[in-house]
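Participant: prediction below, plus the sequence it came from.
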Amino acid sequence: MLEAKNVVKTFDGTRALDGTTMTVPKGAVYGLVGPNGAGKSTIIRHLTGIYRPDSGELLLEGQPIYENPSAKQKMVSIPDDWYHFSQASIAEMAKFYAGMYPTFSWERYGKMKQVFPLNDKQMIRRMSKGMQKQAAFWITMCCMPEYLILDEPVDGLDPVMRRQVWSLLLGDVAERGTTVLVSSHNLRELEDVCDHVGIMNKGKVLLERTLSDLQDNTVKLQVAYQSAEEPALPAELNILHKSHVGRVYTYIMRGSSQEIQSRMAITQPILMEAIPLTLEEIFIYELGGADYAVRDIVL
Amino acid sequence: MRSATSCFKTLVRSDLRHYWPIGFVYTGIWIIGLPVSIWNAAMSYGNKAQRLAEVTDVTYNLQFMGVIMAAIFGVIMAMAAYSYLMTARSVGLHHSLPVKRSTQFFAHFTGGMGMLLLGNVIAAALTLVVEAVTGYVSLKALLWWLVMVSLLDFIFFSIAIFCAMLTGWVLAVPVIYVGINFVAVVLETLLESLAGIFYFGYVGDFDPLLVVYWLTPAMKLGGALRTDEWTNGPISHMDMEAVKITVIYAVFALALLGISFLLYRLRHSESAGDPVAYRWARPIFRCAIALVGGLALGMGVHDLVMLGNTSLPALMICVLLMMALCYIAAEMIICRSFRVFKSSWKGLAALCAVLVLICVGLKMDVFGYQTYVPEADEVKAITVSTNCNAGFDVSNCTDPDAIAGAIATHNAILAQGLDQPAECDNTNSNVASCTVHLSYTMQNGRQVSRHYSVCMERGSELHKVVNDLAGVEAVRTAALLGDTLLKVEDIYGGYVSCYGENDYHYDESLSEEEAQELYAALLRDVEQGHGRRDMMSDLYSTVDMSFDTEKTDVSICSNGLTKDCTETIELLLKMGVAEKAEDLFCHW
C-alpha cells in the first residue's frame, strides 16, 4: 500500500500540496486525475522520494519512503520527462538500472526486444519523444517493480504502442500483482485501465474511490416532462449539474441510480433514463463543485 | 535488497563512463608536463650528478603546476560529478533511485577524485619509466610530487564541491568558486581603497594580510609551492613549510567536504535550476554581490566621473547607486524575474542605511584611527621618509630623539587639521607641498604606518618639528651616509659626480685614498653636528658620492649634502669637484 498522509509542500510561498492524503491499495491501478497545477506531479515526486515534504508522511507498506532505499527498491517511476544520460543507449541505461534494482531481469529485457521496435545500442537522445518513452517503459518494466509510478505515461506514444504498453502493464498487474499509480489527463484511457481513481485539486485529493463506486455514486439522469416548465424537484436531491433542451432535462446527481429514480418519480416524467457517467464527466462535475469548471466566455 | 556497495559502484562506474574525457585531458596535460619535462631534464647538459639534480629540481618545480591544474580541474570535475543536481530531470532520476543521499554524495566524490588520482598515478608511473630508461631516478621527488599534487586535487575538488552544493546552476559553480577563492583579497583591496579615501594618512600598501592569504588558497598554496621561494639554487628536497601549509588546507578541505555533505542532505531536489540552492543563503548572496560590486563599481565610476579627484559625497552616491544596482541584479538572478523591486526595496534600503552608517562612522573616525599617535615608550623603531623642498629618509631608527621627533612631527601634522587641501598654493614661496611617511615598529612587533600629503608653511610648527627631526644625529647620519655605516679602512675606491647649474658637470672615480678621505670628512661633519637641513630650503645638493667596499659593492650618498657640511665641501673643492661651494648646490 502506498500512502500519503497530510502532506504539505510549499514552493516559494506557493502551497503546492495542502494536506494531501491518498491511499493506493496494493495491487490496484490507481488513476490520479486533476486539473493543471493540482499537485499531481508534486505528490508523485514525493511518493518516489525525490521531494522531502514540509510536513506529513509518505509511506510504502508502512515504511517511510524518503531516504529509505529498501522501500524505494520496490518502486520504479517513469516521470513525464524521463531522464537518461546524454550519451547513453538503452542497453547502457538498462545496465545502470540493473546496478540499482536487484530484481532487474535481463531475461525480460531480451524478451522486450520483440515488443519495442528499438535499437538498444542507439543513443537515446537521438530517438524521438515517443521512442524515448518506449525505452523508459522497456527499462522500467525490466526492473520488475512491485510499485510502478507513472506520470503521463503514454503521452507521445502512438495508439498501437499505447495499447501495447497498457497491455504489458495490466499483464504485470494480473501476473505479479504490481501496484500502479498513474497520473494522466487522458480520462477515457484511464477509465479503461484503472480500478481506483483519485481526483486532486489545489493540492488536495478531493475524493478517491474505486471507479465502480464513483460511477455508482453519480448519476446522469435524462428526464422528459409533460410541460416545458420544470416541476418542483425533491429537496433532498444533490444535483451537481442541470441543463435542458425543450422539455428534456439532464441532471447530474450524486447518489445511487435506483434511489434517485424512485425519488424523481413524484415529478411524473414522461420518460426517465439513467445514463452511466464517464470518468471525464465525473471529473468535470466534481471539479465544477470545487470552483473549476468550463466557463462560457465570449472573446 | 541490493547492497549500498553495489549501488555505490554503479554510480562511480556511471561517473567514470560519462566524465572520462575530463580525466583524460587532465592526465594528458600531466603526461606532457611531467614525463616529457623529466626526459628533457635527463637529456640536459652536464655530468650525471648535474642531470640527476636537474631531474629532481624539475620534479619539485612541477608541484606549482599542480596548484593550477588542481584549481582548474577541481572545479570542472565537481561541475561534472554533481551536475545531476542542477536540472530537475536528472535530480529526479538520481533521487528516486534506491540509494541514500550519503551514498550518492560519496559515490560522485569518489568518481571525480578517482579520475584525478588515476591521472596523477599514470603520470607518475610514466615518469618513473622515463627516469628508469634514462637512468636518472629521483624517486623521493616523484613521490613528493604525487602526494602533493593529490592533496592539491583533494583541496580544490572539495572547495568546488562546496560551491556546487550552494547552487542549482551548473554555470554558477565556477563563478562561486572563483568568488570564494578570491573574495578575501578582493574585499581587502576594496576596503583599503575606501579607507584610503576616508582616513587622512591611511597607508594601504595592498600587501594582503596573513589571514587574507590563508583565505585565498590559490595564492597561499601557489606561494608555498613556488620553489624559487624555497632556495636560490636547484631544489634537492621538499620544503616542509610547504607540506605543512598543504596539509593544513587538506584538513580544511576535509572539513569543507563534511559541510558539503551536510548541505547535500539539507538540499531540496527542487532547488535544481535555482541560482542559490538554500533560502538562508540568498540574503548572503545578495549582500555579498551588492557589497563587492557596489564598492568596486562605485569607486570605479567615481574615479571616472571625478577624473581621479576625490569627493566624498560623490563617492558615497556612486557606491550607493552601484550597490543598489548590484543588489537588484542579484535579486533578479535569484528570482529569475525582472520584477523584483517591490519585494527587495526594504532589504536594499536596509543595506544602504548600513553602508551610510559605516561611511559616516568612518568619516567621524569612530575607531580613532586618524587621531591615533603612539606614545614614545610604545615605539621600538621608526622609519621616516619626507619629501618637501628638501627631504630625508631614515629606516628602522631606534634613537629616542628620532622617535620623539617623529611623534612630534606626527602631532604637528594632525594639529594642522584632518581635512588638508590636496594641493598647495604654488604661487606662495612660503608654502611647499610635502609628503611625510611615518612607520612605527611598536614594542609588541606591530607596525603602525601613516602617509601624509600636507602643505608646509615656513615658520609653522610643522616646519619647526620636521627641521628638528632632521637635525637629530641619527637622522643626519642616515641622510648623509645612508643606513649602513662603512669602516673607512674597508673602502677601496669610489666615485663622485656633480651636476651644477649652467650645464656644469663633474664625474670622476676616486682612488682608495681619496675615497677614504672623503668618507672620513663626511663622518667628521656628522660628528660636528653638520648636515642639518631646512625642509623649506630651495637649495639642493647635486653631488653624488659612492664608495666601494668588499662587503657592500657600492654605498651611495646622493643629494644628502647640506651647506653646513664644511669638512666635506672643503675636501670636494680641494679635489676639484667644483670651484666654489655654491656650485655644489642648485636652486629649485
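Facilitator: It's in.

Participant: what's near enough to touch A:Thr23?
Facilitator: Taking Cβ atoms under 8 Å, 6 or more residues apart in numbering or on different chains, we find A:Thr23 in contact with A:1-4, A:208. All C-beta spots, glycine's among them, are computed from the backbone N, C-alpha and C.

Participant: any of these buried? List them.
Facilitator: For the contacts of A:Thr23, a burial check counting by 16 or more other Cβ atoms under 10 Å in any protein chain shown picks out A:2-4, A:208.

Participant: dump those residues into a markdown table; add pLDDT, distance to chain B and secondary structure as well.
Facilitator: Converted to a markdown table, the buried ones among the contacts of A:Thr23 look like this (pLDDT from 0 to 100; distance: Cβ to the nearest Cβ, whole Å; DSSP: H, G, I helix; E, B strand; the rest coil):
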| residue | pLDDT | distance to chain B | secondary structure |
| --- | --- | --- | --- |
| A:Leu2 | 93 | 14 | strand |
| A:Glu3 | 93 | 18 | strand |
| A:Ala4 | 94 | 16 | strand |
| A:Glu208 | 89 | 23 | strand |
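
Participant: next, format the residues you listed as CSV and append distance to A:Lys133.
Facilitator: CSV is the format used below for these (distance: Cβ to Cβ, whole Å):
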residue, distance to A:Lys133
A:Leu2, 23
A:Glu3, 28
A:Ala4, 26
A:Glu208, 27
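
Participant: and which of those residues is nearest to B:Ala350?
Facilitator: A:Ala4 (40.6 Å; Cβ to Cβ).

Participant: surely A:Asn237 meets A:Ser256?
Facilitator: One correction, residue A:237 is Leu, not Asn. No: applying Cβ atoms under 8 Å, one finds A:Leu237 not in contact with A:Ser256, separated by 12.0 Å.

Participant: helices along the stretch 51-200 of chain A, start to end?
Facilitator: A:69-72, A:90-100, A:106-115, A:129-142, A:159-176, A:187-193 (DSSP state H, counting those that start in this stretch).

Participant: go through those and name the closest to chain B.
Facilitator: Closest approach to chain B among those is made by helix A:90-100 (2.9 Å; Cβ to the nearest Cβ).

Participant: near chain A, which residues of chain B?
Facilitator: B:1-2, B:4, B:6-7, B:9-10, B:13-14, B:17-18, B:87, B:89-93, B:95-101, B:268-270 (Cβ under 8 Å from any Cβ of the partner chain).

Participant: narrow those to those that are buried.
Facilitator: Of the residues of chain B next to chain A, these count as buried by 16+ other Cβ under 10 Å: B:2, B:7, B:10, B:14, B:18, B:87, B:90-93, B:95-101, B:268-270.

Participant: list the buried ones in stretch B:120-127?
Facilitator: So, applying 16+ other Cβ under 10 Å, buried residues of stretch B:120-127: B:120, B:122-124, B:126-127.

Participant: over to stretch B:274-283?
Facilitator: Within stretch B:274-283, the residues scored as buried using 16+ other Cβ under 10 Å are B:274-278, B:281-282.

Participant: for the contacts of A:Thr23, name the two members farthest from one another.
Facilitator: Going by Cβ to Cβ, the pair spanning the contacts of A:Thr23 furthest: A:Met1 and A:Glu208, at 12.8 Å.

Participant: tell me the domain ranges of the chain?
Facilitator: In the absence of a named chain, chain A is used. Domains of chain A are assigned by automatic domain parsing as A:2-202, A:218-289.

Participant: was after chain B, sorry
Facilitator: Domain segmentation of chain B under automatic domain parsing yields B:4-172+B:210-271, B:281-363, B:376-477, B:484-587.
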